[in-house]
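Student: My questions concern the predicted model and sequence given below.
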Amino acid sequence: MNDPIALDEMYFVGPQALVEDFAEIKAMGFERVINNRPDGESDDQPVSADLEMAAREHGLEYVYNPVNLSVLGQKQVSQQQASLEESKKTFAFCRTGTRSSAMWVLVNNAQGQDYQTLVDYVSVKGFDLARCEVAMQPLVTHNA
């Protein structure tokens with residue numbers, strides 16, 4: 001498993017987690033896993049039900065909040081935000097970590113932070129949200 005990238009002290013992102021990664025995820029101190037990747041995007045991708053079982057076997061909270069950019073809406077942002085209400089060290093993943101980063105931007109923007117500042121910040125962390133921009137724009141609530 002690649003090292004998760006911290007976007008803040010409690011929210012980390014990374015690429016697709018595999019069933020065999022959950023022992024390491026737990027050992028890294030994570031308490032919650034958020035799967036932002038819809039099932040069936042690729043043939044070699046594990047299904048959410050198998051990932052959930054592995055997470056629970058390791059005592060991790062598991063949240064399935066699939067993000068498909070063609071239908072991204074307030075529902076996904078609200079679910080992500082609700083999942084993060086209780087402060088726990090969280091590992092969010094998708095195929096590359098980009099959609100999980102986009103969700104962090106939208107959640108923090110909904111809580112009053114400046115959208116462009118957040119986008120610039122995740123860009124510095126290695127996540128280019130350009131391909132997400134069209135889907136994200138209708139959900140932006142706070143700009144400078």
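Tutor: All right, it came through fine. The structure presented is a predicted model; accordingly, all values stated were derived computationally and were not measured.

Student: Tell me how many other residues crowd residue 68.
Tutor: Neighbours of residue 68 under the rule other C-beta atoms under 10 Å: 14. Every C-beta, even on glycine, is put in place using the N, C-alpha and C of the backbone.

Student: Please identify the nearest residue in space to it, excluding sequence neighbours.
Tutor: Nearest residue to residue 68 in three dimensions, chain neighbours excluded: residue 38, at 5.4 Å (C-beta to C-beta, 6 or more residues apart in numbering).

Student: okay, now that neighbour: neighbour count?
Tutor: Quick note: residue 38 (other C-beta under 10 Å) scores 17 neighbours.

Student: buried stuff in stretch 74-82?
Tutor: 76-77, 79-81 (16 or more other C-beta atoms under 10 Å).

Student: for this structure, what are the low-confidence residue spans?
Tutor: 144 (pLDDT under 70).

Student: Identify all contacting residues around the longest helix seen in it.
Tutor: Scanning the chain for the longest helix, with DSSP state H as the assignment, gives helix 98-110. Around helix 98-110, the neighbours that count as contacts under C-beta atoms under 8 Å, 6 or more residues apart in numbering are 7-8, 11, 13-14, 34, 36-37, 65, 67, 69, 76-77, 80-81, 84, 92-94, 115, 118-119, 122, 125, 127-129, 131-132, 135-136, 139-142.

Student: Please report the distance of the residue nearest in space to the middle of the chain from residue 121.
Tutor: Relative to the mean C-alpha position of the chain, the nearest C-alpha, by C-alpha atoms, centre = their mean, is the one of residue 100, at 2.8 Å. Separation of residue 100 from residue 121 (C-beta to C-beta, to the nearest Å): 14 Å.

Student: and what of residue 69?
Tutor: In terms of C-beta to C-beta, residue 69 sits 20 Å off from residue 121.

Student: Neighbour count: those two, which is higher?
Tutor: Counted by other C-beta under 10 Å, residue 69 and residue 121 do not tie: residue 121 has more neighbours, with 18 against 14.

Student: Could I get the contacting residues of the more buried one?
Tutor: Contacts were defined as C-beta under 8 Å, 6+ apart; by that measure residue 121 touches residue 7.
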